[in-house]
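[1] next input, structure requested:
(one chain, ligands or ions: 1)
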Amino acid sequence: ELERSNWTKTAAVEAEAVASISCSGHGRAFLDGLLGVDGKPVCECNSCFKGPDCSDPIPNCEVDADSGDPMFLEPFWLKHAASSSLVLPGWHRMSYEFEGGSLISEELKNHIRRLHSVVGNANTDGRFIIFGAGATQLLNAAVHALSSDHDGDAPSSSPSRVVASIPYYPVYREQTEFFKSEAYRFHGDTMSMKNEMDYLSSNYIELVTSPNNPDGQLKKAVLGGASVKTIHDLAYYWPHFTAIPAPADEDLMIFTVSKLTGHAGSRFGWAIVKDEAIYQRMSTYMSLSTYGVPRETQLRVLKLLKAVLEGEGKEMFEFGYKTMANRWRKLRKIFSASRRFSLQDLDHQYCSFSKKIRGPSPAFAWMKCEREEDKECFQVVKSTANVSGRHGSLFGSESRYVRLSLVKSQDDFNLLLERMEALVQQEPHNKKIQQGNERNASMTFGFGHHFLQHPDLVSYINSYKSMDEDM
Ligand SMILES: Cc1ncc(COP(=O)(O)O)c(C=O)c1O
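    Numbers count the residues shown, from 1 in each chain. From the prediction side, this is the model:
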């Protein structure tokens, strides 16, 4: 049928040509990017950089520490271009369905099971696995499936109450309220529920996030009893962000490739479900909302997991952990000199994956403004450091908290660190110490590597710089 056997050549040449466009290590050109006057895709610069090759820093620009965009893993994928790239022919899985009417790649499912068994972070034996467009879609599918109102069920007198412990991931409330279902309502904090649970007339759906977004703590369900169902959001239960004390073995667990490999844009997550009826309800939800996850996405994730599983995942998790642990250590060092701001406390813990006690490496800093007058911490950080975090009140907490994202690119993190260092140095007791201290904030900005030309090399070296903590 095919004219030639080397039909992948033009695609490969095209992909490599785009990859070789230099954006000074502060940006990237993509195959589907806008074309410049020379007919080549233009560089898309990291924030706070501009210019045709992203080499110009934008002075005093706003540092965005808001989103949890997990770009910290990009250098790993640049290094593993060969094992993670694939060819997508025009006829790849055009059908609505896989063989037998399934919407799911069995091979991908097998790889997910293998990954959990290698990492030891979840028990998948005898469980059902369902795919979704990120954890975001699966969260709502799970709330839907666990809510009281179903054909065949006795009609319940009130909607299921969706609860989470403060501070909680804001999307739980936003999504539950957005869908305005008759079957469930967001009901706020689990702690306030604990004493006043109305067991007789209400069912509860408790969302448990472990490790937690925003504070990185490992969490357990708070409520219990026959009228409570739980959803465990384990988006961050990977060695990048936490020690893995034991495999999770919950009724309904949600994972996402976003925080595992960093491919947030692929929109891929999976749920591991014990109960067949719940699995069926979630499957119906997927059928009626999107008819499953795009086959292109499933193919890509399969390729990525194969690359991760080479060498039993050691290399990616080592890179991820070292990067996050270093970022946390640097930030903590800066804040240790502060009386005005504090960070959450995280313990060292035994990790069954790395088989040792390891230090914390959270995805976010949960920062508190300690001064009585600094009630609006978001504003304090915004106006004094020009850093925009995420407002504590969105997590159900006081406004004297703000969340800072630590998972973005190395450029983003370097800028955040520089600004936080300057912020802490402004404190009266530090100003005295600072005199005669030749440490200049711009040293942390990371422009010292302009002479290195190849963009892949630059960001890889940058990310591996000063990595002294072992797995
Ligand atoms: C706790 C938690 N759950 C779910 C998600 C969403 O993940 P996904 O990109 O798979 O939709 C996030 C993303 O930040 C998260 O922090």
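
[2] wait, residue 161 touches residue 202, no?
    Yes - using C-beta atoms under 8 Å as the test, residue 161 is close enough to residue 202 to be in contact (5.3 Å). For the C-beta atoms, the positions are set from N, CA and C on the backbone; glycine is no exception.

[3] what about the two, which has more around it?
    Relative neighbour count places residue 161 above the other of residue 161 and residue 202, with 23 against 19, counting by other C-beta atoms under 10 Å.

[4] element containing the more buried one, please.
    Here residue 161 is covered by strand 160-164, with elements defined by DSSP states H and E.

[5] which other helices and strands does the next helix or strand after that strand contact?
    Sequence-wise, the next helix or strand beyond strand 160-164 is helix 171-179, with elements assigned using DSSP H and E. Other elements packing on helix 171-179 under the criterion 3 or more C-beta pairs under 8 Å, 6 or more residues apart in numbering; DSSP states H and E are helix 134-146, strand 160-164, strand 184-189.

[6] repeat the analysis, applying 6 Å as the threshold.
    Helix 171-179 sits against strand 184-189, with contacts defined as 3 or more C-beta pairs under 6 Å, 6 or more residues apart in numbering; DSSP states H and E.

[7] list the contacts of the strand holding residue 161.
    By C-beta atoms under 6 Å, 6 or more residues apart in numbering, the list of residues contacting strand 160-164 from outside reads 147-148, 172, 176, 184, 186-187, 190, 193, 202-207.

[8] top of these by number of neighbours, please.
    Once you tally neighbours by other C-beta under 10 Å, residue 205 ends up highest among the contacts of strand 160-164, having 28 neighbours.

[9] state the distance from it to residue 321.
    32 Å (C-beta to C-beta, to the nearest Å).

[10] kindly report the same for residue 168.
    For residue 168, the distance to residue 321 - C-beta to C-beta - is 25 Å.

[11] same check, this time on residue 116
    Per C-beta to C-beta, residue 116 is found 18 Å from residue 321.

[12] could you check which of those two has the larger neighbour count?
    A direct count of neighbours by other C-beta under 10 Å for residue 116 and residue 321 places residue 321 higher, at 26 against 22.

[13] which positions in the stretch 251-400 of the chain make contact with the ligand?
    256, 258, 264, 269 (C-beta under 6 Å from any ligand atom).

[14] and these, which two are the farthest apart?
    Greatest spatial distance among these (C-beta to C-beta): 264 and 269, at 10.4 Å.

[15] for these two, indicate the residue with more neighbours.
    Legend: neighbour count by other C-beta under 10 Å for residue 264 and residue 269, higher for residue 269 (26 against 19).

[16] who's the more buried one bridged to?
    For residue 269, the residues forming beta bridges with it (DSSP bridges) are residue 132, residue 256.

[17] low-confidence ranges, the stretch 301-450 of the chain, go.
    Low-confidence segments of the stretch 301-450 of the chain, defined by pLDDT under 70, are located at 432-450.

[18] and for the closest residue to the ligand within it, the neighbour number?
    Among residues of the stretch 301-450 of the chain, the one nearest the ligand by C-beta to the nearest ligand atom turns out to be residue 363. It sits 7.6 Å away. With neighbours defined by other C-beta under 10 Å, the count for residue 363 comes to 26.

[19] before we move on, what about residue 373?
    Counted with other C-beta under 10 Å, the neighbours of residue 373 add up to 7.

[20] A strand includes it, no?
    No - counting by DSSP: H, G, I helix; E, B strand; the rest coil, residue 373 is not found in a strand; it is coil.

[21] and the strands in the stretch 251-400 of the chain, which stretches?
    Applying DSSP state E, counting those that start in this stretch to the stretch 251-400 of the chain gives strands spanning 252-256, 269-273, 341-342, 349-351, 356-358, 364-369, 387-388, 390-391.

[22] buried stuff in the fifth one?
    Just to be clear, that refers to strand 356-358. Neighbour-count burial for strand 356-358, counted by 16 or more other C-beta atoms under 10 Å, picks out residue 358.

[23] from the contact counts, what lies against the top helix by length along the chain?
    For the chain, the helix with the greatest residue count under DSSP state H is helix 314-336. Applying 3+ C-beta pairs under 6 Å, 6+ apart, one finds that helix 314-336 contacts helix 410-425.

[24] give me the buried stretch members for the helix it packs on, please.
    Judged by neighbour count using 16+ other C-beta under 10 Å, the buried positions of helix 410-425 are 410-421, 423-425.

[25] out of those, which is nearest to residue 288?
    Distance ranking of those against residue 288, using C-beta to C-beta, places residue 412 first at 38.2 Å.

[26] quick check: residue 109 touching residue 129?
    Yes - applying C-beta atoms under 6 Å as the test, residue 109 and residue 129 come out as touching, 5.3 Å apart.

[27] got the confidence number for the residue positioned nearest the centre of the chain?
    The structure's the chain has its C-alpha centroid closest to residue 259; by C-alpha atoms, centre = their mean the separation is 3.5 Å. We note a pLDDT of 98 for residue 259 in this prediction.

[28] contact partners for the nearest residue to it once chain neighbours are set aside?
    Computed as C-beta to C-beta, 6 or more residues apart in numbering, the closest residue to residue 259 that is not its neighbour in sequence is residue 235, at 4.9 Å. For residue 235, the contacting residues are 135, 256, 259, taking C-beta under 6 Å, 6+ apart as the criterion.
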